[in-house]
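*Asks:* pasting the sequence and the predicted model now:
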Amino acid sequence: MSHAELVAKQIMHIDPVAVRSAKETILDMIGRDLDDQLRLEALNGYSIASRPSVPERLKRFYDKTDRGRYGTHQTGLSED
């Protein structure tokens, strides 16, 4: 139970739009073959990316300043 509470607390720190998108994507994948799963994941990703707040959220994620961030690992991504 303590582990479940820890996971729940971590999820609560994540942006609700991101959590909802991930849940929808996962539920869409159940029972589908890999090609369909990849296609749906891409469609879901593009549909969420069209929201006005996404570019700023992605910047905070890559800058490691998004709220609820755990850890200090580097992504290795550059601005090139």
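*Replies:* Ah, there it is.

*Asks:* show me the shaky parts of this structure.
*Replies:* 66-80 (pLDDT under 70).

*Asks:* any idea which residue sits dead centre in it?
*Replies:* Nearest to the mean C-alpha position of the chain, counting by C-alpha atoms, centre = their mean, stands A18 at 4.9 Å.

*Asks:* show me the helices in the protein, by range?
*Replies:* 2-12, 16-29, 34-49, 54-62 (DSSP state H).

*Asks:* check which helices and strands the longest one sits against.
*Replies:* To tie it back to what came earlier, the one meant is helix 34-49. When contacts are defined as 3 or more C-beta pairs under 8 Å, 6 or more residues apart in numbering; DSSP states H and E, helix 34-49 packs onto helix 16-29. For every residue, glycine as well, the C-beta is placed using N, CA and C.

*Asks:* list of residues touching the helix it packs on?
*Replies:* With contacts defined as C-beta atoms under 8 Å, 6 or more residues apart in numbering, helix 16-29 is touched by 11, 37, 40-41, 44, 48, 51, 53, 57.

*Asks:* closest to I30 out of these?
*Replies:* The shortest approach to I30 among these belongs to Q37, at 9.3 Å (C-beta to C-beta).

*Asks:* what is the neighbour count of the closest one?
*Replies:* 16 (other C-beta atoms under 10 Å).

*Asks:* over to E41?
*Replies:* E41, neighbours per other C-beta under 10 Å, totals 14.

*Asks:* which residues touch it?
*Replies:* Going by C-beta under 8 Å, 6+ apart, E41 touches 25, 29.

*Asks:* can you add distance to A4 and give the contacts of helix 16-29 back as JSON lines?
*Replies:* Output for those, formatted as JSON lines (distance: C-beta to C-beta, whole Å):
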{"residue": "I11", "distance to A4": "11"}
{"residue": "Q37", "distance to A4": "27"}
{"residue": "L40", "distance to A4": "28"}
{"residue": "E41", "distance to A4": "26"}
{"residue": "N44", "distance to A4": "26"}
{"residue": "I48", "distance to A4": "27"}
{"residue": "R51", "distance to A4": "30"}
{"residue": "S53", "distance to A4": "30"}
{"residue": "R57", "distance to A4": "27"}
